[in-house]
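S.K.: fold the following.
(3 chains)
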Amino acid sequence: MSWTDERIELLKNLWDSGQSASQIAKELGEGVTRNAVIGKAHRLGLKSRPSPVKADKPEAPAAPKRVEKKEAKKLVTLLDLTDRMCKWPHGHPGDEDFHFCGKPSEPGMPYCASHCAEAYQAQPPRRDRRQPPRPIL
DNA sequence: CCCTGATTCGC
DNA sequence: GCGAATCAGG
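M.R.: Prediction:
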């Protein structure tokens, strides 16, 4: 596959819609890797959203602006889920704040480690609480 | 190990 | 121009 106009547009849209390169790659499908996406994005001049590597290092810690509001976390909706994402739901379907855990899931599992623990609790030894059969004599 | 984007470099 | 390999960080 080559970069047709359509694909390029899709790339642009997804890119500045905040999708990660790997997610875009999946949606473009057909053997497109995140490297391809990043490479193309780079070449197109679409660039540089906060990259972990280039992250700031001002080194002057003289700015104690700690009382900032917590950044509003994006809620992981059904549409955001990919495999390898924890599918543990929070809230009730239909509610505005219904969302999924979304953390990296345990390999082969639908949930992250902690939610696996939640989901797959071994049943505690259930003592049979019915009255034992009473011998006739 | 999961993930992120950036860069390099042979094709 | 392309993107796999690599790098660099969370």
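
S.K.: now name the helix or strand holding A:Lys69.
M.R.: Counting by DSSP states H and E, there is no helix or strand that carries A:Lys69.

S.K.: please enumerate the helices of chain A.
M.R.: Ranges of helices within chain A are A:5-16, A:21-28, A:34-44, A:113-119, based on DSSP state H.

S.K.: anything in the last one near DNA strand C?
M.R.: No: using Cβ under 7 Å from any atom of the strand, helix A:113-119 never reaches DNA strand C; the gap is at least 14.2 Å. To be clear about C-beta, it is placed using only N, CA and C from the backbone, and glycine gets the same treatment.

S.K.: now do that helix, average pLDDT.
M.R.: Averaged over helix A:113-119, pLDDT sits at 91.

S.K.: re earlier: please identify the most buried of the helices of chain A.
M.R.: Across the helices of chain A, the average number of neighbours (mean count of other Cβ atoms under 10 Å) peaks for helix A:21-28, which reaches a mean of 18.

S.K.: good, wrapping up.
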